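[1] just a sequence and a predicted model for now, questions to come.
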Protein chains: 2
Amino acid sequence: MTPFDAITTPLPRRLREGLDRIAAAMRADEWGVAEEAGLTPTQLHALTFVAGRGDAGMRLRAVAEHLGVTQPTATDSIAALVRKGLVIKLPDAQDKRAVAIRVTQAGCDVVRAIGLAMTSAERALETLSPQEQQTLLDLIIKTIRALQQAKAIPPQRLCVTCRHFRPYAHEDAELPHHCALVDAAFGGRHLRLDCAEHDPAPQPAREAAWSLFARRAPEPAGPGA
Amino acid sequence: MTPFDAITTPLPRRLREGLDRIAAAMRADEWGVAEEAGLTPTQLHALTFVAGRGDAGMRLRAVAEHLGVTQPTATDSIAALVRKGLVIKLPDAQDKRAVAIRVTQAGCDVVRAIGLAMTSAERALETLSPQEQQTLLDLIIKTIRALQQAKAIPPQRLCVTCRHFRPYAHEDAELPHHCALVDAAFGGRHLRLDCAEHDPAPQPAREAAWSLFARRAPEPAGPGA
DNA sequence: CAAAAATAATTAGGAATCCTAATTAAATTC
DNA sequence: GAATTTAATTAGGATTCCTAATTATTTTTG
């Protein structure tokens, strides 16, 4: 405990504020990207989410939770996307109360076109060294997982919660992990945040894999590039 | 280059998406916090920003840039805060076009009351080990600085761009940096993102300090707590 | 120094976001 | 089978947030 600890705001507070500053830049970015496609930022987020889930068809509730808004707000935004022909709403086969929201071909095209754009946030993140980027990915995953466990965000399709994930299955420090689905080794820099092939591991297996993963650190961030 | 590099989206893209997920949680948090004070999230952000600058009086433009919105939008939000008596608008002495926006006593009280609340984002960040938190702070600072240099966000009052900052002035690995203003040693975990005493260093000195700072890494993130 | 250009802020107008509360319909639970 | 929960929408309204145009002032420049 040094004098500075007493006069400095708690570290988690400053981390949140820092993430907030980065979020402000991302928010400003979004108008530019979305408008090219004739969308608003919220609509673009919703469309990207729905498109990422392919033909399965998302529930409205899932969209709302992903965006962090209420169901009526999600109704608004999805209605706008339906009007623009980028998604369609189909009756859900299992549950007659629900709808299955699916991306259309036009919607796919829009997502693909926009995916090529590079935001200023991404350009900023690119200035970090590869090692730093990997370290940041690791910390982001840990934070997302904590948010997920606290039910502050819905379950994400993370490698680290997947049935096929085998942390530190290999000696190779470069590619220590293993994906049992594709049966291949991969590294910390390849860890996904939203894998289409994600299959949730049962709770006990997940805990075991997580504790094995979390207690091993990536290489130190090292000097800048 | 492994097979996985080819089938994985670029790391900066995934980092942005991850930050986006965390931002979604923060956005959802904000309604809860703001509503207790009878504010909207945007108003709370604006108020916090103005309050953080004390009696100097902020320009409207600075508020808009901080929030990442246009001037008319900032006019809206500041007008709401004026109506609620949390800030006042005074004519700027130097420039008759401009206004000086200052927090009132009531506004200070609101900020103080809200400052005690802990968001789910902060609780999630708290689950990281102290070492991981410090590493994350370091990476956030680097990202903010890159955004700042790209003019994607306005200048922040970071230690690392301050006239009084002396990176790695001490041997002590725990407290390597030095603040010439208070003439005391401090550590990476104490680095500020918005210091009231910030005094921008001239460009050459800033570059020199930055390169000295950026090329030294914090300790590895190490095993989780 | 006067004209031109840039800047600070507001106004006007309108679409979209986003909330709470209430409603409808279907699925679950007991 | 009744009561509860859940999925989604509707209703109503405040706020956000944009672009474009306006006013007033400052700065630049010829």
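    In hand now; what should we look at? Numbers count the residues shown, from 1 in each chain, chains lettered A, B, ... in the order given.
[2] the lengthiest helix in chain A near DNA strand C at all?
    What stands out as the longest helix in chain A, according to DSSP state H, is helix A:11-36. No: against DNA strand C, helix A:11-36 shows no contacts by C-beta under 7 Å from any atom of the strand, the least distance being 8.7 Å. (C-beta placed from N, C-alpha, C; glycine too.)
[3] against which helices or strands is that helix packed?
    With contacts taken as 3 or more C-beta pairs under 8 Å, 6 or more residues apart in numbering or on different chains; DSSP states H and E, helix A:11-36 sits against helix A:41-52, helix A:105-115, helix A:120-126, helix B:11-36, helix B:120-126, helix B:130-149.
[4] apply 7 Å and report the result again.
    Helix A:11-36 is packed against helix A:41-52, helix A:120-126, helix B:11-36, helix B:120-126, helix B:130-149, with contacts defined by 3 or more C-beta pairs under 7 Å, 6 or more residues apart in numbering or on different chains; DSSP states H and E.
[5] what angle do helix A:130-149 and it make with each other?
    Helix A:11-36 and helix A:130-149 are oriented at 100 degrees to each other (axes from the mean of the first three to the mean of the last three C-alpha atoms, to 10 degrees).
[6] what are the buried residues along helix A:11-36?
    A:11-31, A:33-34 (16 or more other C-beta atoms under 10 Å in any protein chain shown).
[7] circling back: possible to save the helices and strands packed on helix A:11-36 as CSV with mean pLDDT?
    Below are these laid out as CSV (pLDDT from 0 to 100):
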stretch, mean pLDDT
helix A:41-52, 95
helix A:120-126, 94
helix B:11-36, 92
helix B:120-126, 94
helix B:130-149, 95
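[8] TSV for the ones you listed, including distance to DNA strand D?
    Shown next, in TSV, are the helices and strands packed on helix A:11-36 (distance: least, C-beta to the nearest atom of the strand, whole Å):
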stretch	distance to DNA strand D
helix A:41-52	8
helix A:120-126	14
helix B:11-36	9
helix B:120-126	18
helix B:130-149	17
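[9] care to break chain A down by domain?
    Per automatic domain parsing, the structural domains of chain A span A:27-115, A:128-214.
[10] could you give the separation of the longest one from the chain centroid?
    By that I understand domain A:27-115. 16 Å (C-alpha atoms, centre = their mean, to the nearest Å).
[11] could you do stretch A:176-184 as well?
    On C-alpha atoms, centre = their mean, the centre of stretch A:176-184 falls 20 Å from the chain's centre.
[12] dump that stretch to PDB, restricted to CA.
    Presented in PDB, the C-alpha positions along stretch A:176-184 are these (Å, rounded to 0.1, in the frame of the first residue of the first chain):
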ATOM      1  CA  PRO A 176      -1.300 -25.300 -27.100                       C
ATOM      2  CA  HIS A 177      -5.000 -25.800 -27.400                       C
ATOM      3  CA  HIS A 178      -7.000 -28.300 -29.300                       C
ATOM      4  CA  CYS A 179     -10.400 -28.200 -31.000                       C
ATOM      5  CA  ALA A 180     -11.900 -31.700 -31.000                       C
ATOM      6  CA  LEU A 181     -14.400 -30.800 -33.600                       C
ATOM      7  CA  VAL A 182     -11.900 -30.100 -36.400                       C
ATOM      8  CA  ASP A 183      -9.300 -32.200 -34.500                       C
ATOM      9  CA  ALA A 184      -6.600 -29.500 -34.800                       C
END
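[13] other residues contacting that stretch?
    Under the contact criterion C-beta atoms under 7 Å, 6 or more residues apart in numbering or on different chains, stretch A:176-184 has outside partners A:164-170, A:185-187, A:197, B:3-4.
[14] and those residues, which of them are buried?
    Counted by 16+ other C-beta under 10 Å, the contacts of stretch A:176-184 give A:His164, A:Phe165, A:Arg166, A:Pro167, A:Ala185, A:Phe186, A:Gly187, B:Phe4 as buried.
[15] what bridges to the closest residue to the third one other than its chain neighbours?
    What sits nearest to A:Arg166 in space, not counting adjacent residues and going by C-beta to C-beta, 6 or more residues apart in numbering or on different chains, is A:His178, at 4.0 Å. Taking DSSP bridges, one obtains A:Arg166, A:Ala185 as the residues bridged to A:His178.
[16] ok, A:His178 to chain B distance?
    11 Å (C-beta to the nearest C-beta, to the nearest Å).
[17] just give me the neighbour total for that residue.
    Burial of A:His178 is recorded as 18 neighbouring residues (other C-beta atoms under 10 Å in any protein chain shown).
[18] do the same with A:Ala117
    12.
[19] contacts only, for it.
    By C-beta under 7 Å, 6+ apart, A:Ala117 lies in contact with A:Val33.
[20] A:Val182 should be in a helix, yeah?
    No: using DSSP: H, G, I helix; E, B strand; the rest coil, the secondary structure at A:Val182 is coil, not a helix.
[21] for DNA strand C, what are the nearby residues on chain A?
    Contacts of chain A with DNA strand C, taken as C-beta under 7 Å from any atom of the strand, map to A:40-43, A:67-70, A:72-73, A:76-77, A:80, A:95-97.
[22] confidence score at the residue nearest to A:Arg166?
    On the pLDDT scale, A:His178 is placed at 91.
[23] distance of it from DNA strand D?
    34 Å (C-beta to the nearest atom of the strand, to the nearest Å).
[24] next: A:Ala98.
    According to C-beta to the nearest atom of the strand, A:Ala98 and DNA strand D sit 3 Å apart.
[25] residues in contact with that residue?
    The contact partners of A:Ala98, taken as C-beta under 7 Å, 6+ apart, are A:Arg59, A:Asp92.
[26] same check, this time on the one 5 residues further on
    Under the criterion of C-beta under 7 Å, 6+ apart, the neighbours of A:Val103 are A:Val50, A:Ala51, A:Leu86, A:Val87.
[27] tell me the bridge partners for it.
    Going by DSSP bridges, A:Val103 forms beta bridges with A:Val87.
[28] what number of residues lie near the residue nearest to A:Cys108 when sequence neighbours are not counted?
    Closest residue to A:Cys108 apart from its sequence neighbours, by C-beta to C-beta, 6+ apart: A:Ala51 at 6.1 Å. By other C-beta under 10 Å, 21 other residues sit near A:Ala51.
[29] look up how far B:Ala24 lies from the residue nearest the centre of chain A.
    The residue lying closest to the centre of chain A (C-alpha atoms, centre = their mean) is A:Leu193, at 4.7 Å. Using C-beta to C-beta, to the nearest Å, we find A:Leu193 at a distance of 12 Å from B:Ala24.
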